[in-house]
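J.: structure here, sequence nowhere to be found:
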């Protein structure tokens, strides 16, 4: 008699929400709340990209499937955009529309990770990437960078110390979630060239490319387009997270193979979301990014100054070590205390081996809510 199937060990070991197990408690809180735990924006997208403006009369077929690779015109526009930004020759065959950057990276993991393989993940890291590797049957291997290394040579050495004969890829994320760090160009180039020399794939998460406040974003494909797959998203760039539209850019063959997986996983990115994405690739969309950039930068500077930490170089986060403010209950005790004051932040363990850190998103609520929530945290930390 066949064995009744159990839940796979990889999935059973994964948590639910990677951000906070206390969200339910916050909903029950009766006072003013400050949900600063999820990476999002309080702003609506540019008017040209709001779904309320799309009608069947103007967009016949908007509720039907598009080609699984994506809207043909959108693919053309993105290929040209990526080529202009990176200087790397890019065709529509190099681009795949996905259900957010999340769907794209999960599909990519299914293509490039076999059971038993390892992926070296620069940490602190975007929390869902470790789960993608586990879903594919692989093992995520943390490579602490931000706060642990100061030079490109040290960054490469950190990867070198963890490579094994089972390693198949490296994952880097800059501008970084959760720290707000922007990897220097020398770091990105050094890591990419090291990966190529060891016959590895490079997964480059560049979701926050438009939000660099200090320094310059280095595009990984610039150094090895034949080995690099980059992830982008309209979610963070244009405040369209709910539309679930992102895209991957990489070698033709990898994009084609990933398209097989994405077709079976989510078939295609939402049609209406892709229409909105096409509309926002316009001067109005550029103006929205410029407006959001100024607001985000100011909020990041405010939050950093109030909390007594360096201003973020990019993205929409601060990552704080609160070890000196923990009692015998550890980080969970502090998080519980903060929820008791209406504040929810993300625990550091969601981003790698950081049991005494917290992440604060300074854009996921209206500025007055963020400012008051940051003040709650600052007072709790004695700052």
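T.: On my side now, so go ahead. Just so you know, these numbers come straight off a predicted model, no measurement behind them.

J.: all contacts plus neighbour counts: C-alpha atoms, from now on.
T.: Noted.

J.: how near is residue 209 to residue 82?
T.: From residue 209 over to residue 82 the distance is 11 Å, taken as Cα to Cα, to the nearest Å.

J.: swap that for residue 185, please
T.: 18 Å.

J.: over to residue 255?
T.: From residue 255 to residue 82 the distance is 15 Å (Cα to Cα).

J.: so who does residue 235 touch?
T.: Counting by Cα atoms under 8 Å, 6 or more residues apart in numbering, residue 235 makes contact with 100, 241, 242, 243, 244, 245, 246.

J.: name the helices or strands packed onto the lowest-mean-pLDDT helix or strand in the chain?
T.: Here the helix or strand of the chain ranked lowest by mean pLDDT, DSSP states H and E is helix 23-28, holding a mean of 71. Judged by 3 or more Cα pairs under 8 Å, 6 or more residues apart in numbering; DSSP states H and E, helix 23-28 is in contact with strand 343-344.

J.: could you look up the next helix or strand downstream of the strand it packs on?
T.: strand 346-347 (DSSP states H and E).

J.: next one: that next one to chain centre, how far?
T.: Computed by Cα atoms, centre = their mean, to the nearest Å, the chain-centroid distance of strand 346-347 equals 15 Å.

J.: try stretch 339-359
T.: 17 Å.

J.: with stretch 284-292 instead?
T.: 20 Å.

J.: need the contact list for residue 169.
T.: Taking Cα under 8 Å, 6+ apart as the test, what residue 169 contacts is 118, 119, 120, 195, 200, 201, 202, 203.

J.: ok, the fifth one touching residue 165?
T.: Right, the one you point to is residue 200. No: judged on Cα atoms under 8 Å, residue 200 makes no contact with residue 165 at a distance of 10.8 Å.

J.: which of these two has more residues huddled nearby?
T.: When residue 200 and residue 165 are compared on other Cα atoms under 10 Å, the one with more neighbours turns out to be residue 200, at 19 against 7.

J.: all helices for the stretch 101-250 of the chain, in order.
T.: 128-135, 152-160, 185-197, 234-238 (DSSP state H, counting those that start in this stretch).

J.: let's have the ones you listed in CSV, adding distance to residue 44.
T.: Formatted as CSV, the helices of the stretch 101-250 of the chain follow (distance: least, Cα to Cα, whole Å):
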stretch, distance to residue 44
helix 128-135, 25
helix 152-160, 38
helix 185-197, 32
helix 234-238, 9
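
J.: would you list the ones you listed in JSON lines and tack on distance to residue 36 and mean pLDDT?
T.: Formatted as JSON lines, the helices of the stretch 101-250 of the chain follow (distance: least, Cα to Cα, whole Å; pLDDT from 0 to 100):
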{"stretch": "helix 128-135", "distance to residue 36": "18", "mean pLDDT": "95"}
{"stretch": "helix 152-160", "distance to residue 36": "30", "mean pLDDT": "97"}
{"stretch": "helix 185-197", "distance to residue 36": "29", "mean pLDDT": "98"}
{"stretch": "helix 234-238", "distance to residue 36": "16", "mean pLDDT": "95"}
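
J.: and of those helices, who's closest to residue 369?
T.: Taking Cα to Cα, helix 234-238 is the member of the helices of the stretch 101-250 of the chain nearest to residue 369, at 19.7 Å.

J.: where does residue 358 sit, in terms of helix or strand?
T.: Using DSSP H and E, residue 358 falls in strand 357-361.

J.: equivalent analysis for residue 274, please.
T.: With DSSP H and E as criterion, residue 274 is part of helix 271-280.

J.: could you tell me how far that helix lies from the centre of the chain?
T.: The answer for helix 271-280 is 20 Å, by Cα atoms, centre = their mean.

J.: next SSE after that helix?
T.: helix 283-307.

J.: now do the buried residues in that next one.
T.: 285, 288-289, 292-293, 296-304, 306-307 (16 or more other Cα atoms under 10 Å).

J.: helices or strands up against it?
T.: Against helix 283-307 (3+ Cα pairs under 8 Å, 6+ apart) you get helix 234-238, strand 317-321, helix 367-380.

J.: most neighbours out of the contacts of residue 169, which is it?
T.: Most surrounded of those: other Cα under 10 Å gives residue 119, at 31 neighbours.

J.: contacts only, for it.
T.: 133, 138, 139, 140, 141, 167, 168, 169, 170, 171.

J.: one more time with 7 Å
T.: 139, 140, 141, 167, 168, 169, 170 (Cα atoms under 7 Å, 6 or more residues apart in numbering).
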